[in-house]
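show me the folded form of this:
(one chain, ligands or ions: 1)
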Amino acid sequence: MNDIEVRSVSELIPISDREFRLLTDLIYQRFGINLDDQKRSLVVGRLNKVLRKLGFTNFQDYHHYLMTDKTGEAQDTLINRISTNHTFFWREHDHFELLRDKVLPEVTQFLKSTNRRDLKIWCPGCSSGEEPYMLAMLAAEHFGKELGMWDVGILATDISACVLNRATEAVYSEENVSHLPIIYKRKYMLKQPDHTWRVSDKIRKMVMFRRLNLMRDSYPFKKKFRLIFCRNVMIYFDRETREALVGRFSQYMEEDGYLFIGHSESLSRTNSYYKYVQPAVYQKQRKGELVK
Ligand SMILES: C[S@@+](CC[C@H](N)C(=O)[O-])C[C@H]1O[C@@H](n2cnc3c(N)ncnc32)[C@H](O)[C@@H]1O
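Residues are numbered from 1 along each chain as shown. So this is what the prediction gives:
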């Protein structure tokens, strides 16, 4: 028994200090993800299988492959392995309650007063789709029979193709929906014979999934968003990256639009784009209010 354990540990391809720095620099530059020395065993653990599959015996050769690959395949596999995709329905639910009780009624009233019927929501770092589907369920509940009279568009983006495939499939485990209030489960989820849960077609149609790296200098959007849900994504970025990203978010957001971030994240006090509403919720400043 002991023999087997010792062998499986020694089978791991080790990473030198230099190799670790090369790899984490590449990950930081391409994806913004900041991995410090404490993440060393995580990196080795997550990437060992990839190295073996590709026939590499050390991280230096793997790094060279990442630097020279032109197909994009090397980078895709890397981010699929390295990103943390944990999420579930009704996560950090006080945000959804605020949306239901305050934000959606307020936004709807404003849009009506300006003869607009478009509600654009962006969910960057959407992982396997639970969060944007949650937003679609809340919008469906809010608009009720009038949903068809509104142009509700939810764009959900992520860097990882792997999670986006899962999001498009829209099938979830019992555990993943365990916190979802019964009202949403009954109306918008279908229990399958194998005990998994499938999101209803009505809700699926409201969400569009696309691949997008948040590290781009600009994004290919024609219209601005009224709500942005970027939760538990910036936690992996350093301060500089976070601040630049928040600045970009504001460029693609309507005045008075709401930005939701994860509860373990916060905007810097010097940020001049958003004002604080409540923990992990901010509202875009109007032009005249900008403090530069
Ligand atoms: C922990 S999940 C957050 C899921 C969901 N927003 C939530 O709060 O439950 C973080 C997601 O951010 C994505 N991500 C990390 N770096 C990214 C980048 N540079 N561009 C786009 N997405 C990124 C990851 O692929 C991962 O799916």
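
now the strands for this protein?
Taking DSSP state E as the test, the strands found in the chain are 118-124, 151-158, 171-172, 189-191, 197-199, 207-211, 225-230, 253-261, 274-278, 281-284.

contact residues of this protein facing the ligand?
Proximity of the chain to the ligand, by C-beta under 6 Å from any ligand atom, involves residues 31-33, 83-87, 91, 125-127, 131, 158-160, 163, 213-215, 231-233, 236, 262. C-beta: built from backbone N, CA, C; applies to glycine.

repeat that for 5 Å
Proximity of the chain to the ligand (C-beta under 5 Å from any ligand atom) is limited to residues 31-32, 83, 85, 87, 91, 125, 127, 131, 158-160, 163, 213-215, 231-233.

okay, and which of those map to helices?
If you go by DSSP state H, those have Phe31, Glu131, Val163 in helices.

next, format these as a markdown table and append pLDDT and neighbour count.
A markdown table is the format used below for those (pLDDT from 0 to 100; neighbours: other C-beta atoms under 10 Å):
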| residue | pLDDT | neighbour count |
| --- | --- | --- |
| Phe31 | 97 | 21 |
| Glu131 | 98 | 29 |
| Val163 | 97 | 21 |
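
need the residue closest to the centroid of this protein.
For the chain, Gly125 is the residue whose C-alpha lies nearest the centre (C-alpha atoms, centre = their mean; 1.4 Å).

contact partners for it?
The neighbours of Gly125, taking C-beta atoms under 8 Å, 6 or more residues apart in numbering as the test, are Thr157, Asp158, Ile159, Leu214, Cys230, Arg231, Asn232, Val233.

let's go with 7 Å and repeat that
Contact analysis of Gly125 by C-beta atoms under 7 Å, 6 or more residues apart in numbering lists Asp158, Cys230, Val233.

dump the strands of the chain to a markdown table, plus mean pLDDT.
As requested, those are arranged in a markdown table below (pLDDT from 0 to 100):
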| stretch | mean pLDDT |
| --- | --- |
| strand 118-124 | 98 |
| strand 151-158 | 98 |
| strand 171-172 | 98 |
| strand 189-191 | 97 |
| strand 197-199 | 98 |
| strand 207-211 | 98 |
| strand 225-230 | 98 |
| strand 253-261 | 97 |
| strand 274-278 | 94 |
| strand 281-284 | 96 |
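
CSV please, covering those and showing mean neighbour count.
Converted to CSV, these look like this (neighbours: other C-beta atoms under 10 Å):
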stretch, mean neighbour count
strand 118-124, 22
strand 151-158, 21
strand 171-172, 20
strand 189-191, 15
strand 197-199, 20
strand 207-211, 16
strand 225-230, 24
strand 253-261, 21
strand 274-278, 14
strand 281-284, 20
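
need the ones you listed in TSV with distance to Ala136, can you?
Shown next, in TSV, are those (distance: least, C-beta to C-beta, whole Å):
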stretch	distance to Ala136
strand 118-124	9
strand 151-158	6
strand 171-172	14
strand 189-191	12
strand 197-199	8
strand 207-211	5
strand 225-230	12
strand 253-261	15
strand 274-278	22
strand 281-284	19
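
those strands: which one's closest to Asp76?
Closest to Asp76 of those, according to C-beta to C-beta: strand 207-211, at 9.3 Å.

strand partners (parallel or antiparallel) of the closest one?
Looking at strand 207-211 with DSSP bridges, its partner strands are strand 151-158 (parallel).

now do the strand it pairs with against strand 118-124, angle only.
Orientation of strand 151-158 against strand 118-124 (axes from the mean of the first three to the mean of the last three C-alpha atoms, to 10 degrees) gives an angle of 10 degrees.

can you list the residues that contact strand 151-158?
117-127, 129, 132, 135-136, 139, 164, 167, 206-212.

how about the strands of the chain, which one is nearest Gly144?
Using C-beta to C-beta, the nearest of the strands of the chain to Gly144 is strand 151-158, at 12.2 Å.
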